[in-house]
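Asker: sequence and predicted structure, then a few things I'm wondering about:
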Amino acid sequence: MKKLTYFPGCSAHGTSEEFDKTVKMVMTSLDVQMEEIPDWNCCGATSAHTMSESLAYALPLRNLVLAEKLDNSTMAIPCASCYQRLKVTKVHMDDNPELCKEINSTVVEDGIYQGKVDVKSMLQYCFEDVGLDAIKAKVTKSLAGMKLACYYGCLLTRPKAITNFDSPEYPMSMDKIVEALGAKATEFDYKTECCGASFSISNTEVVINLTGQILEMAKESGADAIVVACPLCQSNLDMRQPDIEKHLGKKIDLPIFYFTQLMALAFGMPEKDLMFSKHIVPVEGALANIGKIVPEPEKVKKTRKAVEAESEAE
Amino acid sequence: MITLGIQGKNTFLSDVNKRSGANVLECYQCGKCVGTCPVSGYMDFPPREIMQMVKLGLKNETMMANSTWFCLTCSACSGRCPREIEIPSVMEAIRHMAIEENYINGSTKVKEIRKFHEIFLDMIKRYGRNYELRMMAEFNIRTRNLFKDMHLAPKALLKGKIPLGVKPMKSAKAIQRMYKLAEKLEKKHTGKEA
């Protein structure tokens, strides 16, 4: 049995409850025991680092200090934004002991940060620590027939110097995971474009514009659903999809799954436990494709990868 | 090393460099950041121009620009920058300086973005965690736009997409104390730099 420290993040109790729940189901099934950081606090997200340098480090640092009291070497975080704030803080504190000492003085609980817990995103943990073989071994209901565009967003792989995980331009870890589940990952060029993130409320116009492009590209890649690993990406693409369709003047109709929901589904867990009812865009159409394997339709548009491969062949 | 810009008395440049940990002088104005940035079209000055303005010491224009508020910190620009400059850190340094020195961009959009961040930080101060529904409601009230996103509410609430409550921390007081201490720290730093 593996042990893991778990930082759920605020959205786990809110808009991304289904992510939190399916992470727990999948980890239990993969024989990973998760320990939640006791009385964790918000990481500060975009707002803290926008407004104040000290708060931007202080809020995540408290969680890092509390995490060190648990006896695990690794911490995994489902939310991409929380992950980035904690990882940035870890890297900067490790590099700058003087600043670290100052920031540590704002943490009222006992404990001096030592930098002994590794911070990973849940996607990274599944890919690196659990591994594709262990995931494949758990699949009892193959997702063959599903065509999925894997959308990583901006924070899971960037900046490279901080995350040190996968490619910042064309990552493949989630693609490989969904393929281990039996589904087909489409060639999708907008994998790491930003969805507009926290502008969802304060600058909706920008989000509608950016997510519109992402959804259109996913549709063009031939996908019948999008897979994500970030609560903000999910709610921007899902909850705002009716508005985006109005803006684009066409139907998109792409459900947005968390990768752990699909893992749980492929592991044979009952559909009713995966909280599909919370989705704004209905999932039934995409799920009905499971088991239906149709011959590859002709590509509508050549993707960057295909063009590169062709020019290499020439 | 290629260095373009006014050095010597350009204290704005050295302040930005010091705070961001980047070297803006490395920028050779290729513009790759502008093509990459998902929001450069909304900015008064796209990232390339901001970099040049810092080099030229145009402090007032740079600090008043909406660019640093529109930056999403998605790091697409720095990933592609041939000079490997951490452009989002530069944007952030300028924004922090503008906040501290009271340079206020009065456009509605910047005001709304700033208001959102302030409300978000208020939520954390109160509960230790973000209370999504209340945050959205407060944003609508405080920007006097009561019906914004109301058309999403029936579905989002019925389906439980946005829960009605929040599970606050047990020791939210620890966070309130942290806010006070962090504020002190910030004052100490800016006092040093002034």
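Answerer: Thanks, I have it. Treat the numbers as computed from the prediction; the structure is a model and nothing was measured. Residues are numbered from 1 along each chain as shown, chains lettered A, B, ... in the order given.
Asker: pLDDT weak spots in chain A?
Answerer: The model of chain A has pLDDT under 70 over residues A:295-302, A:306, A:314.
Asker: can you tell me the centre-most residue of it?
Answerer: Residue closest to the mean C-alpha point of chain A, counted by Cα atoms, centre = their mean, is residue A:229 at 1.6 Å.
Asker: OK, contacts around that residue?
Answerer: Counting by Cβ atoms under 8 Å, 6 or more residues apart in numbering or on different chains, residue A:229 makes contact with A:78, A:80, A:121-123, A:152-153, A:156, A:174, A:258-259. Heads up, the C-betas are built off the backbone N, CA and C, glycines and all.
Asker: and if we set it to 6 Å?
Answerer: Counting by Cβ atoms under 6 Å, 6 or more residues apart in numbering or on different chains, residue A:229 touches A:123, A:259.
Asker: ok, residue A:159 touching residue B:76?
Answerer: No: between residue A:159 and residue B:76 there is no contact under Cβ atoms under 6 Å: 9.7 Å.
Asker: hmm, residue A:223 is touching residue A:184, no?
Answerer: No: at 8.9 Å, residue A:223 and residue A:184 do not qualify as touching, with contact defined as Cβ under 6 Å.
Asker: looking at these two, which has the bigger crowd around it?
Answerer: residue A:223 (25 against 18; other Cβ atoms under 10 Å in any protein chain shown).
Asker: name the nearest residue to the more buried one, ignoring sequence neighbours.
Answerer: Once flanking residues are discounted, residue A:223 sits nearest to residue A:149: 3.7 Å by Cβ to Cβ, 6 or more residues apart in numbering or on different chains.
Asker: one step back: could you measure from the residue nearest to the centre of chain A over to chain B?
Answerer: 15 Å (Cβ to the nearest Cβ, to the nearest Å).
Asker: what about the nearest residue to residue A:173 once chain neighbours are set aside, how many residues nearby?
Answerer: The spatially closest residue to residue A:173, leaving aside those adjacent along the chain, is residue A:127, at 4.1 Å (Cβ to Cβ, 6+ apart). The number of residues packed around residue A:127, counting by other Cβ under 10 Å, is 22.
Asker: does residue A:127 belong to a helix, a strand or coil?
Answerer: Under DSSP: H, G, I helix; E, B strand; the rest coil, the three-state class of residue A:127 is helix.
Asker: how distant is the helix or strand where residue A:178 lies from the center of its chain?
Answerer: Taking DSSP states H and E as the definition, one finds residue A:178 inside helix A:173-180. Helix A:173-180 has its C-alpha centroid displaced from the chain centroid by 13 Å (Cα atoms, centre = their mean, to the nearest Å).
Asker: counting by contacts, list what it packs against.
Answerer: helix A:132-138, strand A:147-151, strand A:184-185 (3 or more Cβ pairs under 6 Å, 6 or more residues apart in numbering or on different chains; DSSP states H and E).
Asker: most packed of the ones you listed?
Answerer: Mean neighbour count, computed with mean count of other Cβ atoms under 10 Å in any protein chain shown, is highest for strand A:147-151 among the helices and strands packed on helix A:173-180, reaching a mean of 26.
Asker: give the partner strands of that one in its sheet and their orientations.
Answerer: strand A:184-185 (parallel), strand A:225-228 (parallel) (DSSP bridges).
Asker: which residues does the next helix or strand along the chain from the first one contact?
Answerer: Secondary structure here is assigned by DSSP H and E; on that basis, the next helix or strand after strand A:184-185 toward the C-terminus is helix A:199-202. With Cβ under 6 Å, 6+ apart as the test, helix A:199-202 has contacts from A:206-207, A:236, B:112-113, B:116, B:139.
Asker: how about 8 Å then?
Answerer: A:206-207, A:232, A:235-236, A:240, B:72, B:112-113, B:115-117, B:135-136, B:139, B:149.
Asker: nice, that's everything, thank you.
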